[in-house]
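> Test case, fold it:
(chains A, B, C and D)
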There are 2 protein chains.
Amino acid sequence: MSAPTPLPDVSNEPALTRLNRLAALDEAAQSELNASLRRRRSAQARREVVAEGEVITEPLLILRGWAARVRVLPDGRRQLINFLLPGDLIGLCRHPDPCTASTILAITDVQYCTAPRGAPDAPLGIAYAVSRAIEEAYLLSAITRLGRLNAQERLHDLFLEVLERMQLAGITSDNSIPMPLTQEVLADALGLTSVHVNRMIQLSRRQGHLVLAGGTLTITDPDALGSMIGRSPVRIWGGC
Amino acid sequence: MSAPTPLPDVSNEPALTRLNRLAALDEAAQSELNASLRRRRSAQARREVVAEGEVITEPLLILRGWAARVRVLPDGRRQLINFLLPGDLIGLCRHPDPCTASTILAITDVQYCTAPRGAPDAPLGIAYAVSRAIEEAYLLSAITRLGRLNAQERLHDLFLEVLERMQLAGITSDNSIPMPLTQEVLADALGLTSVHVNRMIQLSRRQGHLVLAGGTLTITDPDALGSMIGRSPVRIWGGC
DNA sequence: CGGAAATTTGAGATTGTTCAAATATGGTGG
DNA sequence: CCACCATATTTGAACAATCTCAAATTTCCG
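From the prediction side, this is the model:
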């Protein structure tokens, strides 16, 4: 009954699931990825994965956990620019890159590996390109979030973004996701105070928008919540 | 004494100045650009250059005036995501691009043209890549600006960004720039109210940080102002 | 069971908003 | 050159959102 060796195990590696959805990976890509996956490194929570100004020699692929691109002001104020989830890439610099003055910080314990080189036209390269484009779209969303949404809306918008991204990576299929973020970390991402984040979470709980307990976040009705703030999911193949 | 015909006239086209500084353009690139430049189109202030969701078939190059990428919420709130100045490119999509749900709005009258194709390794393609990278760096800055700076700091930070970019395009060499933006437009870029923007401008005037009158902005001491908010100019060749 | 970290609560201080009106400013036609 | 209009800036005062600072509580982990 023993079947021939199947394709490399993609079943439970969110990073593979995600890349595979961005562009159908061929066998070459799969095996390169699997080779990389085996040489995984890890970073402890609160440690820097890539320090500010450090020259990234190779792009990295997040496998497990949450990291974030963070910028710190001289007086200590801190802004989390974006979260990096399994399947996200770091330092994919297409060309001479103005060395982005930002640090990559492990929010939880993080596992990552070197992202195998992908020729621009190979499936892997296409997946990378799509990934970059998606990342940029989320950056634009973050600007609108911080500029024009109020505290509660910001919270909802961020939670919806994370849900959407987790679903893409196959980490969840329903409306629940792991939520290891401290209210303080959330505050630094939302441009708010942790005290105020706390109050907004409680408000949203009372209103039945979400359930947040025991490290799990459930969003009652993502579509309804999204339409309240004019949020449309980031589309993967929008044309262009 | 008549010299041989010089290279195409780059002397007073900010877009050429900028691209030429991002990557030394060879004669081929110069002449392609000049050909494009001659077929310039224009858009009136307050008109859309590219409507939301519209498929961009060709990348565009801004030649004169100010445009902005803008996102509008269902209830009318508006966020200007970034400004597009002479030499900036629109719709440089490297690959399948999640059709960015944002509109390009002409803030002033704008002249633009089709950006000539640039092979990835040709000088033009390199200039485009650097341009993209710079744009992304400014997006990250915008997130920090909106998330962690207060009203007056946001104003200063934005003004410094624009000054920096205008200098790169050779539009100004001192610390003065044209400032055609309405306080209302500034407010939409800064995530503030036009009333509050007004008050912050007056405050900065009183403190001697800037002079703003007659459509011209002068920043008294850019370096000093920048260091007050931990702002470091975006570097063009940061390694990587 | 302890202790450190995270969440929650309260009350007052700030910052930024809202609404409305007053005052420039710039461009246009006469 | 002036009067006039539309648009942009400026001002005031009340209000709302968010922050700050401290002090409980609760939760998590060993």
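> just for chain A, where's the confidence low?
Along chain A, the parts satisfying pLDDT under 70 run over A:1-11, A:93-101, A:237-240.
> residue ranges of the strands in it, please?
For chain A, the strands defined by DSSP state E occupy A:41-43, A:48-50, A:60-64, A:67-72, A:78-84, A:89-90, A:103-106, A:110-114, A:176-178, A:210-213, A:216-219.
> just so I know, which of those lies nearest DNA strand C?
For the strands of chain A, the distance to DNA strand C is smallest for strand A:210-213, at 7.8 Å, taking CB to the nearest atom of the strand. Using the backbone N, CA and C atoms, a C-beta is placed for each residue, glycine as well.
> Pairing partners for the closest one, with directions?
According to DSSP bridges, strand A:210-213 has the following sheet partners: strand A:216-219 (antiparallel).
> all helices of chain A, in order?
For chain A, the helices defined by DSSP state H occupy A:14-22, A:27-38, A:123-148, A:151-168, A:183-190, A:194-206, A:222-228.
> For residue B:91, find the nearest of these.
helix A:123-148 (11.8 Å; CB to CB).
> Centre of the chain to that closest one, how far?
Here helix A:123-148 is found 10 Å from its chain centre; the criterion is CA atoms, centre = their mean, to the nearest Å.
> Among the helices of chain A, which comes closest to residue B:231?
Comparison of the helices of chain A against residue B:231 by CB to CB identifies helix A:123-148 as nearest, at 17.2 Å.
> close to DNA strand C, is the closest one?
No - applying CB under 7 Å from any atom of the strand, one finds helix A:123-148 separated from DNA strand C by no less than 9.3 Å.
> Could you tell me how many residues sit around whichever residue of chain A sits closest to DNA strand C?
Nearest residue of chain A to DNA strand C (CB to the nearest atom of the strand) works out as residue A:183 at 3.4 Å. Residue A:183 has 19 neighbouring residues, counting by other CB atoms under 10 Å in any protein chain shown.
> Adding distance to DNA strand D and mean neighbour count, write the strands of chain A out as TSV.
As requested, the strands of chain A are arranged in TSV below (distance: least, CB to the nearest atom of the strand, whole Å; neighbours: other CB atoms under 10 Å in any protein chain shown):
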stretch	distance to DNA strand D	mean neighbour count
strand A:41-43	16	15
strand A:48-50	21	19
strand A:60-64	16	23
strand A:67-72	16	22
strand A:78-84	12	22
strand A:89-90	26	20
strand A:103-106	16	22
strand A:110-114	16	21
strand A:176-178	12	17
strand A:210-213	7	16
strand A:216-219	10	18
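> Tell me who's in contact with the closest residue to residue A:128 other than its chain neighbours.
Ranked by CB to CB, 6 or more residues apart in numbering or on different chains and with sequence neighbours excluded, the top spatial neighbour of residue A:128 is residue A:118, at 5.2 Å. The contact partners of residue A:118, taken as CB atoms under 8 Å, 6 or more residues apart in numbering or on different chains, are A:29, A:124, A:125, A:126, A:127, A:128.
> Residue A:215: which of the residues you listed is nearest?
Among these, residue A:127 lies closest to residue A:215 (CB to CB), at 30.0 Å.
> how near is that closest one to DNA strand D?
34 Å (CB to the nearest atom of the strand, to the nearest Å).
> interface residues of chain A facing DNA strand D?
A:150, A:151, A:152, A:191, A:192, A:193, A:195, A:196, A:214, A:215.
> Which members of those residues are classed as buried?
Buried members of the residues of chain A next to DNA strand D, counted by 16 or more other CB atoms under 10 Å in any protein chain shown: A:151, A:152, A:191, A:192.
> can you name the two of those that are farthest apart?
Greatest spacing in these, by CB to CB: A:152 and A:191 (13.3 Å).
> hmm, back to that, out of the buried ones among the residues of chain A next to DNA strand D, who's near chain B?
residue A:191 (CB under 8 Å from any CB of the partner chain).
> so which of the buried ones among the residues of chain A next to DNA strand D comes closest to residue A:79?
Using CB to CB, these come closest to residue A:79 at residue A:191, 6.9 Å.
> Next, the contact list for that closest one, please.
Counting by CB under 8 Å, 6+ apart, residue A:191 makes contact with A:79, A:146, A:154, B:146, B:147, B:148.
> sorry, back to before: please convert the strands of chain A to CSV, extending it with distance to residue B:40.
Below are these laid out as CSV (distance: least, CB to CB, whole Å):
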stretch, distance to residue B:40
strand A:41-43, 50
strand A:48-50, 42
strand A:60-64, 43
strand A:67-72, 38
strand A:78-84, 36
strand A:89-90, 37
strand A:103-106, 42
strand A:110-114, 45
strand A:176-178, 49
strand A:210-213, 51
strand A:216-219, 48
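> I'd like to know which of those lies nearest to residue B:58.
Taking CB to CB, strand A:89-90 is the member of those nearest to residue B:58, at 27.6 Å.
> ok, and the closest non-adjacent residue to residue A:40?
Among residues not flanking residue A:40 along the chain, residue A:113 sits closest, at 4.6 Å (CB to CB, 6+ apart).
> Pretty sure residue A:61 is one of the things the one you found touches, is it not?
Yes - when contacts are counted by CB atoms under 8 Å, residue A:113 is listed as touching residue A:61 (5.5 Å).
> where do the contact lists of those two overlap?
residue A:36.
> quick one: residue A:196 and residue B:80, what's the gap?
According to CB to CB, to the nearest Å, residue A:196 and residue B:80 sit 25 Å apart.
> what does residue A:225 give?
In this view, residue A:225 and residue B:80 are 25 Å apart by CB to CB.
> swap in residue A:227?
In terms of CB to CB, residue A:227 sits 23 Å off from residue B:80.
> can you check residue A:160 too?
Noted for residue A:160: a distance of 23 Å to residue B:80, by CB to CB.
> now residue A:118
Residue A:118 is 34 Å from residue B:80, by CB to CB.
> And residue A:207, by the same measure?
31 Å.
> do the same with residue A:70
25 Å.
> Then residue A:31?
Taken as CB to CB, the span from residue A:31 to residue B:80 is 46 Å.
> How about residue A:164?
From residue A:164 across to residue B:80, the span is 24 Å (CB to CB).
> Next, count neighbours for the closest residue to residue A:21 other than its chain neighbours.
Of all residues not flanking residue A:21 in the chain, residue A:168 sits nearest, at 6.2 Å (CB to CB, 6+ apart). Look at residue A:168: counted by other CB under 10 Å, it has 19 neighbours.
> Give me the distance between residue A:168 and residue A:128.
On the measure of CB to CB, residue A:168 and residue A:128 end up 15 Å apart.
> same thing with residue A:102?
From residue A:102 across to residue A:128, the span is 20 Å (CB to CB).
> right, and residue A:52 touches residue A:102 too?
Yes - taking CB under 8 Å as the definition, residue A:52 is a contact partner of residue A:102 at 6.6 Å.
> So between the two, which is more surrounded?
Between residue A:52 and residue A:102, residue A:102 has the larger neighbour count (other CB under 10 Å), namely 23 against 14.
> show me what contacts that one?
Taking CB under 8 Å, 6+ apart, we find residue A:102 in contact with A:52, A:69, A:70, A:71, A:81, B:140.
> May I see the residues you listed organised as JSON lines, with distance to residue A:109 added?
Converted to JSON lines, the contacts of residue A:102 look like this (distance: CB to CB, whole Å):
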{"residue": "A:52", "distance to residue A:109": "21"}
{"residue": "A:69", "distance to residue A:109": "18"}
{"residue": "A:70", "distance to residue A:109": "17"}
{"residue": "A:71", "distance to residue A:109": "22"}
{"residue": "A:81", "distance to residue A:109": "21"}
{"residue": "B:140", "distance to residue A:109": "25"}
